[in-house]
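1. Predicted model and sequence below, questions to follow.
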Amino acid sequence: MAKIIFPEDFIWGAATSSYQIEGAFNEDGKGESIWDRFSHTPGKIENGDTGDIACDHYHLYREDIELMKEIGIRSYRFSTSWPRILPEGKGRVNQKGLDFYKRLVDNLLKANIRPMITLYHWDLPQALQDKGGWTNRDTAKYFAEYARLMFEEFNGLVDLWVTHNEPWVVAFEGHAFGNHAPGTKDFKTALQVAHHLLLSHGMAVDIFREEDLPGEIGITLNLTPAYPAGDSEKDVKAASLLDDYINAWFLSPVFKGSYPEELHHIYEQNLGAFTTQPGDMDIISRDIDFLGINYYSRMVVRHKPGDNLFNAEVVKMEDRPSTEMGWEIYPQGLYDILVRVNKEYTDKPLYITENGAAFDDKLTEEGKIHDEKRINYLGDHFKQAYKALKDGVPLRGYYVWSLMDNFEWAYGYSKRFGLIYVDYENGNRRFLKDSALWYREVIEKGQVEA
Ligand SMILES: CO[C@H](O)c1c[n+]2c([nH]1)[C@H](O)[C@@H](O)[C@H](O)[C@H]2CO
């Protein structure tokens, strides 16, 4: 492959989320989130870890911005904690919480780093969960009002807005499988939650347009392309249904204004209809300015009768390289999903809002972390992104997950995704990994070694 040179204005970034890095879980008037409650529930998180302190970013944000400058990222994707700003989820504003994000954004802009704010990265105010959370349609309305507050407070300062991070994970990990907060286990509840999340997205877009704000608004979806294990009709069918379950179930409402027909029918036949109202799909499919894509790996799927509604199972790719999460390393899947989204759903700009990997990073005596595997993982995925760009996909930017090691949900601190190593046991000291130094060069040159 010839030299891989990205456009001059390509937005190289890194991403985090509030609950995973901030800590200060009950400081300066912050309200409880469902992840505070979930992580404080024995047995939910590996090693009993919580986000009480996390990376202590709430107090160390200035140092973290200095490290962002050292790496040279052009944009920083982070999420704001709804209960830090609205402790009850609605009504009273916690000014100290809002002031933290004002200081963060001011310092980012001073550092010439473009903020991308994700309004919801899973930390729902517990007070709203106590009223049904995302199963309650009112939560969509409260989310839209939280969004209005943020748009008004950061008008002219922030011009990249993501309404939701991965509604599939919120709906299914949080409400069907119980692995994430709030930890319920009912598939039909997950479908209802997914609908209300999408509705809240559309309501926030309406307010963004109403307020006539500068900038762009979009949503971030986790997209995991499914490939049939064999060329039998049954394997192809199984892969297509799982692909709809994870990808089209969200892409189709947002860009086509309807749920995937066949899967919708399967759900209704087996589970009964979830509750919608006339006009919901029009709101959900409001025109957006970009799509954020989180890509990590693919699914290889084969037919398995009676195993689930899809008669499908995901094949464990034992003989393929994988990360510490057990996810197959499959860079080609990034190219495939970028091209497919552009071809089948939208010609709007795309951002890779998350891509990265967990590896078994070790801090040496000299304060170094030789994470060769992460450099190779990122380099191979950058090449696939470049290929998609060259094939006409309007890819605008790439946010590496993650800026720093952080609280990896049910895995606690046992998985490290960061470009920056966080020494949790020793005052949360930060160390740039070799991958951060490598990324600095990629950004400086706009080039990836072929
Ligand atoms: C299949 O991976 C998901 O798309 C996904 C992976 N990840 C995510 N979503 C979340 O957005 C992050 O908060 C996680 O820390 C990150 C790493 O696990």
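-> That came through, no problem.
2. and residue 416, how many neighbours?
-> 24 (other CB atoms under 10 Å). Quick note: C-beta positions are derived from backbone N, CA and C, even for glycine.
3. Any figure for the gap between residue 209 and the ligand?
-> As judged by CB to the nearest ligand atom, to the nearest Å, residue 209 and the ligand stand 26 Å apart.
4. Just to be sure, that residue is in a helix?
-> Yes - per DSSP: H, G, I helix; E, B strand; the rest coil, residue 209 lies within a helix segment.
5. The nearest residue to it once chain neighbours are set aside: what's it in contact with?
-> With CB to CB, 6 or more residues apart in numbering as the measure, residue 286 is the residue that lies nearest to residue 209, at 7.7 Å, once sequence neighbours are left out. Taking CB atoms under 8 Å, 6 or more residues apart in numbering, we find residue 286 in contact with 202, 205, 206, 209.
6. Per-residue pLDDT of residue 286, please?
-> Here the pLDDT value assigned to residue 286 is 98.
7. quick check, it in a strand?
-> No - Residue 286: not assigned to a strand; according to three-state DSSP it is coil.
8. Please check the contacts of residue 286 and keep the buried ones.
-> 202, 205 (16 or more other CB atoms under 10 Å).
9. between the contacts of residue 286, which is nearest residue 252?
-> residue 202 (13.9 Å; CB to CB).
10. Quick one: end-to-end distance for stretch 40-51.
-> 9 Å (CA to CA, to the nearest Å).
11. mind checking how far it is from the chain centre?
-> Between the centre of stretch 40-51 and the centre of its chain there are 21 Å (CA atoms, centre = their mean, to the nearest Å).
12. before we move on, what about stretch 269-276?
-> 27 Å.
13. So which bits of stretch 82-90 are buried?
-> So for stretch 82-90, counting by 16+ other CB under 10 Å, buried means 82, 83, 84, 85, 86, 87, 88, 89, 90.
14. farthest pair in those residues?
-> Using CB to CB, the two most remote members of the buried residues of stretch 82-90 are 84 and 90, lying 14.1 Å apart.
15. where does the protein have low pLDDT?
-> Counting by pLDDT under 70, the chain has low-confidence residues at 1-2.
16. So which bits of it are right by the ligand?
-> 17, 20, 165-166, 169, 222, 224, 294, 296, 354, 401, 408, 417 (CB under 6 Å from any ligand atom).
17. any chance of those residues in CSV, plus neighbour count, secondary structure and distance to residue 119?
-> Output for the residues of the chain next to the ligand, formatted as CSV (neighbours: other CB atoms under 10 Å; DSSP: H, G, I helix; E, B strand; the rest coil; distance: CB to CB, whole Å):
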residue, neighbour count, secondary structure, distance to residue 119
17, 25, coil, 11
20, 26, helix, 16
165, 24, strand, 9
166, 24, coil, 13
169, 20, helix, 15
222, 19, strand, 17
224, 21, coil, 23
294, 22, strand, 16
296, 23, coil, 22
354, 24, strand, 16
401, 23, strand, 18
408, 20, coil, 21
417, 26, coil, 22
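18. Just put those residues in JSON lines and tack on distance to residue 150.
-> Output for the residues of the chain next to the ligand, formatted as JSON lines (distance: CB to CB, whole Å):
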{"residue": "17", "distance to residue 150": "15"}
{"residue": "20", "distance to residue 150": "19"}
{"residue": "165", "distance to residue 150": "15"}
{"residue": "166", "distance to residue 150": "19"}
{"residue": "169", "distance to residue 150": "22"}
{"residue": "222", "distance to residue 150": "23"}
{"residue": "224", "distance to residue 150": "29"}
{"residue": "294", "distance to residue 150": "21"}
{"residue": "296", "distance to residue 150": "27"}
{"residue": "354", "distance to residue 150": "21"}
{"residue": "401", "distance to residue 150": "22"}
{"residue": "408", "distance to residue 150": "26"}
{"residue": "417", "distance to residue 150": "26"}
